[in-house]
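Asker: Sequence below, structure please.
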Amino acid sequence: MATSKSRAHKKYFMFGSFILCCLGASLLAAAMATLNWFEATCHTDLTTSTGSINFGLFAGSRTLKDGSTATHNLKVVCDDGDCMYSCGSTKELRQEQLHLIREQQYYPSWVLGNCTLALVAKSHTPSLFRTSWTKDTDASGGDRVSSFVGEEPATTDDPPNGTATPGSGQAEFMDYGLWAGTIACLCLGMLFAVVGALFAVINTATTPVEAITGVPGLYVWNTLAALFNLVCVICWAVQFHSHLTKNVLLYDRDNGWTTQGNEVFGYSFWLVVVAIFVHVANILIIFFGTYEPKVKEQMKAPESKSGTIMLY
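Answerer: Numbers count the residues shown, from 1 in each chain. Predicted structure coming up:
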């Protein structure tokens, strides 16, 4: 009777382990699908123009408000160890944009021609291009940036061929290794969370013979999931502090836009942090649900035989 009660007791904890593994995998899936690993507000140096930026692991968006409101959908592009969020509509255009920024070229005309709803803020510092836009209303009632008003000709002080060294210095790209490591660890953490959930179901229904499929295996899967989640968090934290805290507006910085000092970790990042604690809690649940203290057997003294002792 005691054995059946113990088995029923373990089943409840195994089912609880299954729920927590599913929760951990769901948190990681949500983190990968959402676009809020990085969030920031932006502004121009000399005006009240504002905007907002949010990045996911693969895509993001950027909204600038300077008289008109324009939003760009961004996608990650990588080349030779450098990564950035580009507004180009195709892979080729995104790579071209990365190369232009790497070579420190002025190219507002490229943005206007290749990025939907491009908005180049009116610069209050000398610049090759100075543009303004009017706001029209489309059939659906939404605003769209549509009319190009004018472009200032380059002065004699401007560099030839439309290139110049940007005033904000060398462009700061994301590191490809840290970006790829974040994604890889997130995927592995999700994989081990799913494996832990599957074996938790097996342990709820039966008692596996092999250790790796039984309770010891549940410790392994949850530990690996928590470990890879931790490495994922570390990779993105290093990426954030090393490459995303100066100014992520690589192709708007020469028009006065900056995000410096306004960057924060988005909720997508914190979902992974929560997932770490979920798996740690899962390990504790497995321990308290399956731990059985060993009872030491006391050695009994040999019984003395009664009767007469025969002497020879």
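Asker: what's the single longest helix in the protein?
Answerer: For the chain, the helix with the greatest residue count under DSSP state H is helix 2-33.
Asker: which helices and strands sit right next to that one?
Answerer: For helix 2-33, the packing partners by 3 or more Cβ pairs under 8 Å, 6 or more residues apart in numbering; DSSP states H and E come out as helix 176-205, helix 215-243, helix 267-290. From N, CA and C alone the C-beta is placed, and that goes for glycine too.
Asker: Just give me how far the helix or strand just after that helix sits from the chain centre.
Answerer: As assigned by DSSP states H and E, the chain's next helix or strand after helix 2-33 is strand 38-44. The chain centroid and the centroid of strand 38-44 are separated by 18 Å under Cα atoms, centre = their mean, to the nearest Å.
Asker: ok, now stretch 203-214?
Answerer: 34 Å.
Asker: do stretch 18-34 as well
Answerer: Centroid separation between stretch 18-34 and its chain, computed with Cα atoms, centre = their mean, is 13 Å.
Asker: list the buried ones in that stretch?
Answerer: Buried residues in stretch 18-34, counting neighbours by 16 or more other Cβ atoms under 10 Å, are found at Phe18, Leu20, Cys21, Cys22, Leu23, Gly24, Ala25, Leu27, Leu28, Ala31, Met32, Thr34.
Asker: same check, this time on stretch 208-226
Answerer: Within stretch 208-226, the residues scored as buried using 16+ other Cβ under 10 Å are Thr213, Gly214, Val215, Gly217, Leu218, Tyr219, Trp221, Asn222, Thr223, Leu224, Ala225, Ala226.
Asker: Can you get me a residue count around Tyr12?
Answerer: Here the number of neighbours of Tyr12 (other Cβ atoms under 10 Å) works out to 12.
Asker: That should have said Arg62, apologies.
Answerer: 25.
Asker: Wait, it touches Thr69, no?
Answerer: No - between Arg62 and Thr69 there is no contact, the gap being 11.4 Å when judged by Cβ atoms under 8 Å.
Asker: can you pull out the strands in the stretch 51-200 of the chain?
Answerer: Using DSSP state E, counting those that start in this stretch, the strands assigned to the stretch 51-200 of the chain run over residues 59-66, 68-79, 82-86, 131-137, 143-151, 174-175.
Asker: Which other helices and strands does the longest one contact?
Answerer: Under the contact criterion of 3+ Cβ pairs under 8 Å, 6+ apart, strand 68-79 touches strand 59-66, strand 82-86, helix 91-102, strand 131-137, strand 143-151, helix 176-205.
Asker: Could you identify which of the ones you listed is most buried?
Answerer: For those, the largest average neighbour count (mean count of other Cβ atoms under 10 Å) is found in strand 82-86, namely a mean of 22.
Asker: I'd like to know how many residues surround the residue lying closest to Thr258 once chain neighbours are set aside.
Answerer: Spatial nearest neighbour of Thr258, chain neighbours left out: Asn247 (4.8 Å); criterion: Cβ to Cβ, 6 or more residues apart in numbering. Here the count is done by other Cβ under 10 Å, and Asn247 has 21 residues near it.
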